[in-house]
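**Q** Predicted model follows, preceded by the sequence.
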Amino acid sequence: MLRRFLGLLLLTALVGLGGCATTGGTPGDPIEGYNRAMFGFNDTLDKALIKPVASGYKAVMPEFARTGVTNFFANLGDIWIGVNNILQGKVGAGVSDLGRFTINSTIGILGLFDVASSAGLEKHNEDFGQTLGRWGVGGGAYVVLPFFGPSNVRDGFSRLVIDWHGDPLWYVANIPTRNELIGVRVVDDRANLLDLSRLAEEAALDHYAYVRDAFVQRRRSLIYDGDPPPESNPAKSSDSGAGTEAVARAGTELPPAQITNQWGERVITAADEELTPAKEFARAQSQPAAARQEAAAAAVSNGSGSVYEPKIPHNHEALLAISAGVRTGFAQASLKQ
Amino acid sequence: MMMKFVFALCFSLFAAAVPAQGLAPDVQVKTITNEVIGIIKQDKEIQAGNRKKIDDLVDAKVLPYFNFSRMTALAVGRNWPKATAEQQKALTGEFRALLVRTYSSALSAYKNQVIEFKPLRAAAADTDVTVRTQVKQPGTEPISIDYSMEQTPTGWKVYDVAIGGVSLVTNYRETFNAEIREGGVDGLIKSLVGKNRSLDTQASAKPK
């Protein structure tokens, strides 16, 4: 699915270069000029070659045959997905992925049928970039790769340097066969994305920015397996209507649960109790900007940062943002300042 | 804790006693989704991409449950309070048109995927919840579709939809900010009008 999503991002384009190339520097996208040019290049390549071939393939091949092809490549991908799940400490999921490969390769006839899904072993989406993200490595700047499309420093490195080691197709000894298989996979992936890419083109005002922002959100979601901590960007939340609203809500609706700080001390005991911010952040409330670094340092010393998950009133959004920023490495939060 | 429990109990009794106030948010999403999919499955014209019929279906069955002014405010972000009431109205109208078109387009791509509804993780008294669903397709991991919903006097309304973790609403924020930086709120309205118009022309140029 990642491949597909990247494929979607890579291969869909509309007005790319025509958009606002003169924007005053988007946070998280310091090399926007290069990126827009590369996005345009990928788009031209797609429009000229890959998309027409994929459309033809979709028109000619019966649906069941295309599903078989998709399943075949998806099955080969399960090994590397399983390895990455295990690297991330999700051993159960990893074993399930390897089980999928075993079942689909045998009962599913070389992976043409995805019987494992019907048996309740759900397919996952993992790659080495996500593993690094789990380990706390930040994404870095947004980068559009030639051919591969939207990425960032971390994921681009993982994709170009690491991930192909886990791709069984690269181990096919006969080079022409290998290239043929990879070609079919590219076309099949693109064919699966025809509807989606049309949608993205229709929806976007500035296609480049739409794809970029979707990529950032998507990767964040994937690293947390679809359940990321609440989006919390102090810059956004402090001056956007919705964010202010959320802060206001957090101030009035406290979870009834007892909340402790990282030393296990009680911070809030009941919903109706007077609100006291966690003491190491006491200054963050009066002068948030100055204390932010201090808070970030505290988040680092805290390691996982998970103690910030409980809703500490008033400044909790900023705290979450900082701890999440440290954990996921999304430099976004600080760049927004 | 005890008080909270009693309160929740009262609330649930109250909710049960007044069905006119509307369904629970997850039940509402499930009911509407199943209804819409049921119609699509039976309608050959919609499957063939008949735009008019899809739009009518979405208009009648889906749109009443969306809060478009909240969606627009979320997408515009910090510049929203700076816009005049008239500008806000224009923005909401144009953004609504764009979202509805995207949504209809997505519906017309529906091909018998199985949609699974996750159990709601929320307390009975919550007024802001996320209803999680999953679309299952062969050869890929399930794709999540999450609906952020809030309780309003007229029932639960959707104010954001996230597909595979990508929020359809906040994904516009950077673009909208950039547009407003360059051409002000009116510049953004103009861009949205232009976008909708070009989509209209495309649609009429090659009627499906």
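**A** Received it, and whenever you're ready, just let me know what you need. Residues are numbered from 1 along each chain as shown, chains lettered A, B, ... in the order given.
**Q** Quickly check: the strand or helix carrying B:Ser204 near chain A or not.
**A** Using DSSP states H and E, B:Ser204 sits within helix B:173-205. Yes: applying C-beta under 8 Å from any C-beta of the partner chain, one finds helix B:173-205 touching chain A at B:173-176, B:178-179, B:181-182, B:191-192, B:195, B:199. C-beta: built from backbone N, CA, C; applies to glycine.
**Q** Need these in TSV (columns: neighbour count, pLDDT and distance to B:Gln113).
**A** Output for the residues of helix B:173-205 next to chain A, formatted as TSV (neighbours: other C-beta atoms under 10 Å in any protein chain shown; pLDDT from 0 to 100; distance: C-beta to C-beta, whole Å):
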residue	neighbour count	pLDDT	distance to B:Gln113
B:Arg173	22	94	29
B:Glu174	21	92	30
B:Thr175	25	94	29
B:Phe176	25	96	31
B:Ala178	21	94	35
B:Glu179	27	95	34
B:Arg181	14	94	39
B:Glu182	14	93	40
B:Ser191	20	96	33
B:Leu192	23	96	30
B:Lys195	20	95	28
B:Leu199	18	89	25
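**Q** any idea which of these is closest to A:Glu126?
**A** Comparing these against A:Glu126 with C-beta to C-beta picks out B:Glu174 as the nearest, at 27.4 Å.
**Q** what sits against that closest one?
**A** Each residue near B:Glu174 by C-beta atoms under 8 Å, 6 or more residues apart in numbering or on different chains is listed here: A:26, A:209, A:212-213.
**Q** Now intersect the residues you listed with the strands, please.
**A** Nothing among the contacts of B:Glu174 maps onto strands, per DSSP state E.
**Q** Spatially, which two of the residues of helix B:173-205 next to chain A are the most separated?
**A** B:Arg181 and B:Leu199 (24.3 Å).
**Q** longest helix anywhere in chain A?
**A** In chain A, assigned by DSSP state H, the helix with the most residues is helix A:63-87.
**Q** before we move on, back to that, how far off centre is the helix holding B:Ser204?
**A** 20 Å (C-alpha atoms, centre = their mean, to the nearest Å).
**Q** Equivalent analysis for stretch B:195-208, please.
**A** That offset, for stretch B:195-208, works out to 22 Å (C-alpha atoms, centre = their mean).
**Q** check contacts around residue 30.
**A** Let's take chain A. Per C-beta under 8 Å, 6+ apart, neighbours of A:Pro30: A:Ala141.
**Q** You answered for a different chain; I wanted chain B.
**A** B:Phe117.
**Q** With B:Thr102 as the reference, measure out to whichever residue of chain B sits closest to chain A.
**A** At 2.2 Å from chain A, B:Gly165 is the closest residue in chain B, using C-beta to the nearest C-beta. In this view, B:Gly165 and B:Thr102 are 17 Å apart by C-beta to C-beta, to the nearest Å.
**Q** so how far is B:Ser108 from the residue lying closest to B:Asp43 once chain neighbours are set aside?
**A** Distances taken as C-beta to C-beta, 6 or more residues apart in numbering or on different chains put B:Lys53 closest to B:Asp43, at 6.7 Å, once the chain neighbours are dropped. According to C-beta to C-beta, B:Lys53 and B:Ser108 sit 9 Å apart.
**Q** a strand runs through B:Ala116, doesn't it?
**A** Actually, residue B:116 is Glu rather than Ala. Yes: assessed with DSSP: H, G, I helix; E, B strand; the rest coil, B:Glu116 lies in a strand.
**Q** ok, B:Gly165 and B:Thr102, which is more surrounded?
**A** B:Gly165 (21 against 18; other C-beta atoms under 10 Å in any protein chain shown).
**Q** still on that earlier bit, would you mind giving the residues of helix B:173-205 next to chain A as TSV with distance to A:Leu169 added?
**A** As requested, those are arranged in TSV below (distance: C-beta to C-beta, whole Å):
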residue	distance to A:Leu169
B:Arg173	39
B:Glu174	36
B:Thr175	37
B:Phe176	41
B:Ala178	40
B:Glu179	43
B:Arg181	45
B:Glu182	45
B:Ser191	43
B:Leu192	44
B:Lys195	40
B:Leu199	39
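**Q** can you count the residues close to the residue of chain A found nearest chain B?
**A** Nearest residue of chain A to chain B: A:Ser221, at 2.2 Å (C-beta to the nearest C-beta). Residues near A:Ser221, counting by other C-beta under 10 Å, number 21.
**Q** Need the nearest residue in space to it, chain neighbours excluded.
**A** B:Gly165 (2.2 Å).
**Q** Would you agree the one you found is in contact with A:Phe215?
**A** No: contact criterion C-beta atoms under 8 Å: B:Gly165 and A:Phe215 do not qualify, at 10.9 Å.
**Q** Contacts for stretch A:99-115, please.
**A** A:68, A:71-76, A:78-79, A:82, A:116-117, A:119, A:121, A:123, B:138-139.
**Q** what does the average pLDDT come to for that stretch?
**A** Averaged across stretch A:99-115, the pLDDT comes to 96.
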